[in-house]
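K.L.:
sharing a model that was predicted from the sequence below.
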Number of protein chains: 2
Amino acid sequence: MPPTIDPTKRGATLPSDPPEGPVTLINSFVVDPRRDEAFEALWTQTSVYFRAQPGFVGLRLHRAVSPDATYRYVNVAVWESAAQFAAAHATEEFRQVVGQPGWREFPSSPTLYEVAIAYDAQPIAR
Amino acid sequence: MPPTIDPTKRGATLPSDPPEGPVTLINSFVVDPRRDEAFEALWTQTSVYFRAQPGFVGLRLHRAVSPDATYRYVNVAVWESAAQFAAAHATEEFRQVVGQPGWREFPSSPTLYEVAIAYDAQPIAR
């Protein structure tokens, strides 16, 4: 799916038979580097909604180091289940949050994934 | 950067002043779902090299749940530093591993990121 600013497409599409385990939203954003501050402020405000929803596990918002990045920001967010992810993206509050005019400046391409293979070199210190 | 099969572009570009902290490679792959098995086998074989390099922290290979995903697989790999990431992607062995003919079937768009914002709902059980 190409990047979009359509609020109705901000939830990622789901198959008729989603997996039962955890899922990961990978959402890549097109952002002009001169607009980093505006993007991060809007994103942080929007994330308040998601962080309060049942099934939210955690997220990392990544900012590009590579100067030729197509997507300057990539959000990687883990949810306990596809059902809880879908529920959080089907509310009226969700539509209001992502329907804000400010989002029109930052097209994104939300896609839902599951972890196929994982390796850790060693336990990660926290 | 658009997806590529050029082995010389498999390392992600770095700025002249990379960050000093950990970095995250986000590498998205175009894969025909009918070729999942072949892709995962080639990817697993290639990952053996990376997992043995100094500075490798961990990785998650994600497979799309969304049926309309542009990128069926996304690798999210954490490295201790941009310098160690760059070193692991500058060896002759690296060029041999990603220069295999099998990779020509799976274009990718490696891009290096740093974590800008992180939230966890609760400590993640490991």
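P.N.:
Everything's here; your move.

K.L.:
run the chain-centre distance for the lowest-mean-pLDDT helix or strand in chain A.
P.N.:
Least confident helix or strand of chain A, by mean pLDDT, DSSP states H and E, is helix A:92-98 with a mean of 92. Distance of helix A:92-98 from its chain centroid, counting by CA atoms, centre = their mean, to the nearest Å, is 14 Å.

K.L.:
show me where chain A has helices.
P.N.:
Using DSSP state H, the helices of chain A run over A:36-51, A:82-88, A:92-98.

K.L.:
flag the shaky bits of chain A, pLDDT-wise.
P.N.:
Low-confidence segments of chain A, defined by pLDDT under 70: A:1-2, A:5, A:7-11, A:122-126.

K.L.:
most tightly packed of the helices of chain A?
P.N.:
Ranked by average neighbour count under the criterion mean count of other CB atoms under 10 Å in any protein chain shown, those are headed by helix A:82-88 at a mean of 19. All C-beta spots, glycine's among them, are computed from the backbone N, C-alpha and C.

K.L.:
counting by contacts, list what the least confident helix or strand of chain A packs against.
P.N.:
Helices and strands in packing contact with helix A:92-98 are listed as helix A:36-51; criterion 3 or more CB pairs under 8 Å, 6 or more residues apart in numbering or on different chains; DSSP states H and E.

K.L.:
please enumerate residues in contact with the helix it packs on?
P.N.:
The contact list for helix A:36-51, computed with CB atoms under 8 Å, 6 or more residues apart in numbering or on different chains, reads A:29, A:31, A:56, A:59, A:61, A:63, A:72-73, A:75, A:77, A:88, A:93-94, A:97-98, A:100, A:102-103, A:105-106, B:116-117, B:119, B:121.

K.L.:
what about those, which are in strands?
P.N.:
The strands, defined by DSSP state E, take in A:29, A:56, A:59, A:61, A:63, A:73, A:75, A:77, B:116-117, B:119 from these.

K.L.:
just checking, A:Val74 touches A:Val30?
P.N.:
No. In this structure, A:Val74 sits apart from A:Val30 without contact. The criterion is CB atoms under 8 Å, and the distance is 10.9 Å.

K.L.:
which one's more surrounded, the two?
P.N.:
A:Val74 (25 against 17; other CB atoms under 10 Å in any protein chain shown).

K.L.:
check contacts around the nearest residue to A:Asn75 once chain neighbours are set aside.
P.N.:
Closest residue to A:Asn75 apart from its sequence neighbours, by CB to CB, 6 or more residues apart in numbering or on different chains: A:Asn27 at 4.5 Å. Contacts were defined as CB under 8 Å, 6+ apart; by that measure A:Asn27 touches A:12, A:74-75, A:77, A:108-111.

K.L.:
tell me which of those residues is nearest to B:Pro18?
P.N.:
Each of those was scored against B:Pro18 by CB to CB, and A:Val74 proved nearest at 17.5 Å.

K.L.:
just wondering, since we're on the residue nearest to A:Asn75, how far is it from A:Ser16?
P.N.:
In this view, A:Asn27 and A:Ser16 are 22 Å apart by CB to CB, to the nearest Å.

K.L.:
please apply the same query to A:Asp32.
P.N.:
As it turns out, when the distance is counted by CB to CB, A:Asp32 lies 38 Å from A:Ser16.

K.L.:
tell me which of the two has more neighbours.
P.N.:
Shown here are A:Asp32 and A:Ser16; by other CB under 10 Å, A:Asp32 has more neighbours (11 against 5).

K.L.:
what's that one sitting at in phi/psi?
P.N.:
Dihedral angles of A:Asp32 (phi, psi; degrees, to the nearest 10) stand at phi -70, psi 130.
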